[in-house]
Structures are given as structure tokens and as C-alpha cells.
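**Q** please find the sequence and the predicted model below.
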Amino acid sequence: MSLLDVTGLTISTHDGRTRDGRTHDGRTLVSDLSFSIDPGTRLGLIGESGSGKSLTALAVMGLLPPGMTASGSVVLDVPGLPRTEVVGATEKQLVGLRGRAAAVVFQEPLTALDPLMRVGRQIAEPLRRRQGLRGAALRRAVGDALDQVRLPERVARAHPHEISGGQRQRVAIAMALACEPALLIADEPTTALDVTVQSEVLALLDGLVSERGMALLFVSHDLAVVSGVTDRVVVLKDGEAVESGGVDQILHAPRHPYTRNLVASARHLESALERTIR
Ligand SMILES: Nc1ncnc2c1ncn2[C@@H]1O[C@H](COP(=O)(O)OP(=O)(O)OP(=O)(O)O)[C@@H](O)[C@H]1O
């Protein structure tokens, strides 16, 4: 049975003005998208900027911005938790699921971190809330969480601006993993980092997902990165899935012209890089 079943997901903006003052013109941004993820498996969602990847990830968490509506179905079915239809779910139902059924790591770690709070307290918060830890046990758990993302314990006393971008993303990963989610959603988790740090953080994420047998929904515009960490890929273009399949098939026998272009530009970049290195 699938952990996540997305069927006919359509995301549109409302027509008119929302409470945050933005006007929307009733556009469909993601159209009739379907995919599923079984426990412990990995799916990549790939497409160029604006293709609807982030909105899809947010819809899975029930976190669409104001002015947007989802229709279709997004079912999270995690052992030990109530099977939930996320589309149309109440905030109360979703709060119980977030963190435990699914957790998300965003591109920019600062979106997940409070600039005024020490890192240790931020990691402690989900551990205290979800696992009921207190006192010395909580401090130990924070230390362990930092250790798992290969950060020294002293990072707990730092504020987010006192550590590097790569360290901040490790902290965001530690927070996402604190409630032991069945599904980790990583939305361009390394795009904002320097190239050398990117590969370290990616290797860390890859290892943690394997160790914990988590399922992974990995969102990226970078085919090389997606093919390195996932088994299957859905290719999005203008909010529609144009192709899906195993990583090997997508890389070696892409069917849709858009996918062929993605593969060709990834190859082009690779050979250009090889030329510069030589
Ligand atoms: N809050 C919003 N209000 C109105 N339109 C939005 C909002 N967020 C995203 N969009 C629009 O929805 C479309 C899909 O955006 P989305 O962020 O999902 O794309 P993406 O594939 O993740 O791209 P990127 O990698 O650049 O984030 C884009 O056309 C974008 O302009």
C-alpha cells in the first residue's frame, strides 16, 4: 500500500483578491497530477522554474499559500496514524500529521529557522512536542540530533546567523527528522548552497534517508542531482506531468521532447565542466 497517493491533483489560484492583498487571476498552476510513493522508496519531481514543483510539495503538506486551492486527492497513509485525505482536511487533522507522516526541508534553511532563537532550542521544540522529552533527556536528544547531521554540540548555542549556510541546512534537516517522519520532502534542499557544500549535504541526506528507511520526495530542477538520489522521476512542465519512469529510462530513453531537452542540457553542462577541469 502506498504511503502517499496523489491522484488528479489540480492547484489553481482564486479569482480576485485574497486577505494578504494579492490579486489572482484564476490560473491553473498544477493540472491533473498523479503519482504515488511506497514506504521506503524515492521519487524525484523535476522541471524548470515555475513548473509547479514547490506547489505540489506544499499541497502534500496541506500548506498551500493563501489564494490557492487544491482539488483531486492527496492521501497520506502512515502506519499508526489515521489515513488522511489532505485535500480539504482541517488544520487540526494536518497538525497531527505534519512532522510525523511527512516533514519538509526547504531550499532556504532560514525559512525554517527562527533568527532570534538558539539552534538547540529550535531542534528541541519538535522533540519536546512530539516525543514528550524534557530536561536531561531532551538535551541528550538535541545532541544526538546534531550528531546525526554531523554537527558539533556547540552549534546548539549558536543563533542561525552565526553558522554557515550548509550548517543551517543541516539544522533544518535535523529538525525535519526529529519526529521520525515516514516521508521526507526535500524541496531543492541544496540549491542555495555552494557547490562543495551541496554534495556534502546531499550525501548526508541520502545516507539518513537510507538508514531510517524513510520515503523521499525530492524536488529539483537539476536532473543530475535528482538521478543521483531517487529511483523514479516525474517530469513536470507547466504544471503537467509530461513523463514519468525509472531514473535509467528517463536518462537513457527519454520519450517526451521536454525530457530529452533536460537530459541534453544536463549532458551539455557535464561535458563543458569536464573540458574546464582538463
Ligand atoms: N503564492 C503564489 N501566488 C501566485 N502564484 C504563485 C504563488 N506561488 C507560486 N506561484 C506560481 O505558480 C507557478 C508554479 O510555482 P512553483 O513555485 O510551484 O514552481 P517551481 O517548479 O517550484 O519553481 P521554482 O523552482 O522556481 O520554485 C509559477 O507560475 C509561480 O509563479
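**A** Thanks, I have the structure now. Note that the structure is predicted; figures quoted are calculated from it, not measured.
**Q** residues from the stretch 151-278 of the chain in reach of the ligand?
**A** Counting by Cβ under 6 Å from any ligand atom, the stretch 151-278 of the chain comes close to the ligand at H221. C-beta here means a position set from N, CA and C on the backbone, and glycine is covered the same way.
**Q** now the helices for the stretch 151-278 of the chain?
**A** Counting by DSSP state H, counting those that start in this stretch, the segments of the stretch 151-278 of the chain that form helices are 165-177, 195-212, 223-229, 247-252, 257-277.
**Q** winner for burial among those?
**A** Stretch with highest mean neighbour count among the helices of the stretch 151-278 of the chain: helix 165-177 (a mean of 24; mean count of other Cβ atoms under 10 Å).
**Q** can you name the residues in contact with it?
**A** By Cβ atoms under 8 Å, 6 or more residues apart in numbering, the residues outside helix 165-177 that reach it are 103-106, 109-110, 112-113, 119, 122-123, 125-126, 145-146, 148-151, 155, 160, 163, 184, 189-190, 192-194, 197, 200-201, 204-205, 208, 212.
**Q** out of the helices of the stretch 151-278 of the chain, which is closest to L55?
**A** L55 sits nearest to helix 223-229 of all the helices of the stretch 151-278 of the chain, at 17.7 Å, using Cβ to Cβ.
**Q** CA atoms only for that closest one, dumped as PDB, please.
**A** What follows is helix 223-229, C-alpha atoms only, in PDB (Å, rounded to 0.1, in the frame of the first residue of the first chain):
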ATOM      1  CA  LEU A 223      18.400  16.300 -13.400                       C
ATOM      2  CA  ALA A 224      21.900  15.200 -12.300                       C
ATOM      3  CA  VAL A 225      21.100  15.700  -8.600                       C
ATOM      4  CA  VAL A 226      17.700  14.000  -8.900                       C
ATOM      5  CA  SER A 227      19.000  11.000 -10.700                       C
ATOM      6  CA  GLY A 228      21.700  10.600  -8.000                       C
ATOM      7  CA  VAL A 229      19.300  10.300  -5.100                       C
END
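**Q** now that helix: mean pLDDT?
**A** Per-region confidence: helix 223-229 scores 92 on mean pLDDT.
**Q** check stretch 264-277 too.
**A** 74.
**Q** just give me how far that stretch sits from the chain centre.
**A** Stretch 264-277 sits 27 Å away from the centroid of its parent chain (Cα atoms, centre = their mean, to the nearest Å).
**Q** which parts of the stretch 1-150 of the chain sit against the ligand?
**A** T13, L29, G47, S49, G50, S51, G52, K53, S54, L55, P65, G67.
**Q** contacts only, for the fourth one.
**A** If I follow you right, that is S49. S49 touches H221, counting by Cβ under 8 Å, 6+ apart.
**Q** sec struct for it, please.
**A** coil (DSSP: H, G, I helix; E, B strand; the rest coil).
**Q** for L33, which non-adjacent residue is closest in space?
**A** L9 (4.5 Å; Cβ to Cβ, 6 or more residues apart in numbering).
**Q** wait, that neighbour sits on S34?
**A** Yes - shown here, L9 and S34 form a contact pair, counting by Cβ atoms under 8 Å, at 7.1 Å.
**Q** who has more neighbours, these two?
**A** Set L9 next to S34 and count neighbours by other Cβ atoms under 10 Å: L9 wins out with 25 against 14.
**Q** the more buried one: what secondary structure?
**A** L9 ends up strand, using three-state DSSP.
**Q** return the helix or strand in this protein with minimum mean pLDDT.
**A** Sorting the helices and strands of the chain by mean pLDDT, DSSP states H and E puts strand 23-25 at the bottom, at a mean of 63.
**Q** quick revisit: quick one: which of the helices of the stretch 151-278 of the chain is nearest S71?
**A** helix 257-277 (24.7 Å).
**Q** quick check, nearest of the residues of the stretch 1-150 of the chain next to the ligand to L76?
**A** Out of those, the member with the shortest distance to L76 (by Cβ to Cβ) is L55, at 17.2 Å.
**Q** give the helix, strand or coil label for the closest one.
**A** Under three-state DSSP, L55 comes out as helix.
**Q** these two touch, right, it and T28?
**A** No - counting by Cβ under 8 Å, L55 does not reach T28; the two are 10.9 Å apart.
**Q** thinking again about what came up before, in CSV, list the residues of the stretch 1-150 of the chain next to the ligand along with pLDDT.
**A** Formatted as CSV, these follow (pLDDT from 0 to 100):
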residue, pLDDT
T13, 91
L29, 96
G47, 94
S49, 91
G50, 93
S51, 95
G52, 96
K53, 96
S54, 95
L55, 97
P65, 93
G67, 89
